[in-house]
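Student: Pasted the sequence and its predicted model underneath.
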Amino acid sequence: MSAEVQESSGKKRGKGKQKKMTVRVDFTPMVDMNMLLITFFMLCTTLSKPQTMEISMPSNDKDITEQQKSMVKASQAITLLLGADNKLYYYEGEPNYRDYTSLKETTYGANGLRAVLLQKNAAAVNQVRALKQQKLDLEITDDEYKKKVSEIKSGKDTPTVIIKATDDASYMNLIDALDEMQICNIGKYVITDIVEADEFLIKNYDAKGELSQNLADK
């Protein structure tokens, strides 16, 4: 950047007349400097990584699917049914189609689904919290922390969550449910299609057991 000063006196009209001065600043070198700074920051700045979420999807192989189902203990399984109007239902283990109270209704809030999952996965949650404190105290490295957390989440005593959405459920409902999987340290969860039996559970629950009673009377 440079500046030039030009003097312009003109014709002399008197002793007290001051000379006029014109200042011109050349900003051309600033363009090159700005380009160098932009290039420097582009090369030295770490680009933010996109936030991704791993989702386990059911396999199309019937043999593998049946094998996976048999490996899931009923006492450790919890099924979420995402209904219309932001309604959320769940049942643990095998559903009881004759007792409509076996299906429970909850919400997507912290006092709803999160409380249910934290209670179901309490042991793993406490272990992850202890590991997080060890990482903060620099007792373990970040890589060791991630490895141990992954092992805890996939442990044999941790719950398996099965997520099923009705046609009337919204994408936001599914996203909210998936967010709770991460918050509650659920490592084993799957999204699968809802079946007629699950839809019957919802209808029977809303009808306070009238559908199952009608079937029993026939």
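Tutor: Cool, got the structure. Numbers count the residues shown, from 1 in each chain.

Student: got a list of what the nearest residue to Asp168 once chain neighbours are set aside touches?
Tutor: Counting by C-beta to C-beta, 6 or more residues apart in numbering, Ala84 is the residue found nearest to Asp168 once chain neighbours are left out, at 3.3 Å. For glycine as for every other residue, the C-beta is placed from the backbone atoms N, C-alpha and C. Applying C-beta atoms under 8 Å, 6 or more residues apart in numbering, we find Ala84 in contact with 166, 168-169.

Student: Pick out whichever of these sits closest to Asp32.
Tutor: Ala169 (57.0 Å; C-beta to C-beta).

Student: Could you count how many residues lie near the closest one?
Tutor: Using other C-beta atoms under 10 Å, Ala169 has 20 neighbouring residues.

Student: Does it touch Leu82 like I think?
Tutor: Yes: using C-beta atoms under 8 Å, Ala169 is in contact with Leu82, at 3.9 Å.

Student: What ranges does the chain have for its helices?
Tutor: For the chain, the helices defined by DSSP state H cover 28-44, 62-71, 113-120, 122-136, 142-153, 171-183, 196-206, 210-217.

Student: Between the ones you listed, which one is closest to Tyr89.
Tutor: Each of the helices of the chain was scored for nearness to Tyr89 using C-beta to C-beta, and the closest is helix 196-206 (6.0 Å).

Student: for that closest one, packing partners?
Tutor: strand 77-82, strand 88-92, helix 210-217 (3 or more C-beta pairs under 8 Å, 6 or more residues apart in numbering; DSSP states H and E).

Student: For Ala177, find the nearest of those.
Tutor: strand 77-82 (6.0 Å).

Student: what number of residues lie near Val195?
Tutor: 10.

Student: Contact partners for the residue most central in space within the chain?
Tutor: Nearest residue to the geometric centre of the chain (C-alpha atoms, centre = their mean): Asp179, 4.2 Å. Contact analysis of Asp179 by C-beta under 8 Å, 6+ apart lists nothing.

Student: Quick check: phi and psi at Asn96.
Tutor: Per-residue torsions, Asn96: phi -110, psi 100 (degrees, to the nearest 10).

Student: Give me the distance between the nearest residue to it once chain neighbours are set aside and Ile183.
Tutor: Nearest residue to Asn96, sequence neighbours excluded (C-beta to C-beta, 6+ apart): Ser102, at 3.9 Å. Distance of Ser102 to Ile183, given as C-beta to C-beta, to the nearest Å: 26 Å.

Student: Domain-wise, how is this structure divided?
Tutor: 2-8+18-44, 62-121+158-217 (automatic domain parsing).

Student: Of the ones you listed, flag the one that's most buried.
Tutor: domain 62-121+158-217 (a mean of 16; mean count of other C-beta atoms under 10 Å).

Student: how much distance is there from that one to the middle of the chain?
Tutor: Its chain's C-alpha centre and that of domain 62-121+158-217 lie 19 Å apart, by C-alpha atoms, centre = their mean, to the nearest Å.

Student: For the chain, give me the ranges with low pLDDT.
Tutor: For the chain, applying pLDDT under 70 flags the ranges 1-21, 23, 25, 27, 45-73, 214-218.

Student: at 80 what do you get?
Tutor: 1-34, 40-75, 211-218 (pLDDT under 80).

Student: and the contacts of Ala84 as TSV, adding distance to Arg129?
Tutor: Below are the contacts of Ala84 laid out as TSV (distance: C-beta to C-beta, whole Å):
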residue	distance to Arg129
Thr166	35
Asp168	37
Ala169	32
